[in-house]
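A.B. asks: Give me coordinates for this.
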Amino acid sequence: MGKSTNTKLGILGGGQLGKMLALAAGNWDLDLWILDKDKTFPASKFVDHFVEGDFKDYDDVYNFGKKVDVISIEIEHVNTDALIQLKKEGKIVHPDPEALVIIKDKGLQKQFYVDKKLPTSPFHYFESAAEVLEGLKQNEISFPFVQKSREAGYDGKGVAVLNSSDDLKRLLDCPCIVEPKVDIDKELAVIVARNEDGTIAAYPTVEMAFNHEANLVEFLFCPAAISEDLEREAQDLAKKVIAAYDVCGLLAVEFFLDKSGKLLINEVAPRPHNSGHHTIDSAITSQFQQHLRAVLNFPLGKTDSTSPSVMVNLLGHGDYTGTPILDGFDKCLALEGAKFHFYGKKITKPFRKMGHATVVDSDLEQAKQKAIFIRDNLNIIA
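C.D. replies: Numbering: from 1, shown residues only. Just a heads-up that it's a prediction; the model follows:
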């Protein structure tokens, strides 16, 4: 049975994803509540009920959850103990907190794929930098490799790529996993949605290009330059992953496509995701509306693209910290098909995500050139 639009929906997190969820919820006049630390955060101006609190704190999450009917997230690093208790007391929590416990720990997440016989790269567990060094000494691991903190990694943080002993200064001293560096042909992602009825819908696969200095996605291309067979394989695999987790809502499934043509699951995010931002402007149903549909058990929307598109993340200039100033915005706004989304963060920092732009064009190559122009000409300074 579907939910009424009078249902009180609570979201843990009031950053840019919370803001874009609030904008989507506003079209339906949903009773949306958001919990985060500060009313200056991006979502606060777009929601009637912004509750100040810490989504990592048990009491704050528990007390917030008691106020609403359905609880969801815009970031996975939340207090899952409180969510588990709320679920026991009859609250609807999406994604399921037991799945969230696995997903927010990259070690448990990798083991989940092994246990479910889903394709992923091999890995080793380590508790500290000293253990990683001992692993190198004992030939358990070898260069090049990627080290990932098991918890709290976000937007390129908590990841170190080590190609040789010269890079050991980058080693993270925390519980982590280490994976051999995959010989990557492409990095791909599929946003998939599932509601309580078990209906699943997948968006077209996107291809990501990274800013290696910031270790962040710089461009996203839709459609991805892959074969029809690989497109079907990526979507089918994403559907298997969301079903395996028994998640309702969105799941962003990031893949490595290696040089042999094999798809490997890199990691997932059980929420709206950077790899789906283009859907606001270039899909029949945006990822944000789809997440609302899924967690409220409404029918899922069509996921077809209405146009080829390129998304470019708008990052803070590498030399500035302070109140953001947009330099070159007028030139970029003149581009046909360019759609801009600024998140409303009060402070810009080097490589901080301050917004994104999506370029829609019937010619994907033309869209790419416009996105490159935006990257090169719109500077977020202080």
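
A.B. asks: hey, let's count contacts and neighbours off CA atoms from now on
C.D. replies: Will do.

A.B. asks: Contact partners for the residue nearest the centre of the chain?
C.D. replies: Note on the chain: the residue nearest the mean C-alpha position is residue 273, at 3.0 Å, using CA atoms, centre = their mean. Contacts here follow CA atoms under 8 Å, 6 or more residues apart in numbering; on that basis residue 273 touches 17, 252.

A.B. asks: which parts of the helix of greatest length in the chain are buried?
C.D. replies: Counting by DSSP state H, the longest helix found in the chain is helix 228-245. Using 16 or more other CA atoms under 10 Å as the test for burial, helix 228-245 gives 230, 231, 234, 235, 237, 238, 239, 240, 241, 242, 243, 245.

A.B. asks: Show me which of these is closest to residue 81.
C.D. replies: The closest of those to residue 81 turns out to be residue 245 (CA to CA; 18.0 Å).

A.B. asks: Leaving out chain neighbours, which residue sits closest to that closest one?
C.D. replies: residue 99 (5.9 Å; CA to CA, 6 or more residues apart in numbering).

A.B. asks: mind listing what's buried in the helix or strand that neighbour falls within?
C.D. replies: Assigned by DSSP states H and E, residue 99 belongs to helix 97-103. Residues of helix 97-103 classed as buried by neighbour count (16+ other CA under 10 Å): 97, 99, 100, 101, 102, 103.

A.B. asks: Now the two most distant members of these.
C.D. replies: Within the buried residues of helix 97-103, 97 and 103 form the most distant pair, 9.6 Å apart (CA to CA).

A.B. asks: Let me see the mean pLDDT of stretch 159-174.
C.D. replies: Across stretch 159-174, the average pLDDT comes to 95.

A.B. asks: For the stretch 1-150 of the chain, just list every one of the strands.
C.D. replies: Assigned by DSSP state E, counting those that start in this stretch, the strands in the stretch 1-150 of the chain fall at 8-12, 31-36, 49-52, 70-73, 92-93, 124-126, 145-149.

A.B. asks: could you redo the ones you listed as TSV and give each row mean neighbour count and distance to residue 344?
C.D. replies: Below are these laid out as TSV (neighbours: other CA atoms under 10 Å; distance: least, CA to CA, whole Å):
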stretch	mean neighbour count	distance to residue 344
strand 8-12	24	18
strand 31-36	24	15
strand 49-52	18	16
strand 70-73	26	20
strand 92-93	21	28
strand 124-126	18	38
strand 145-149	22	29
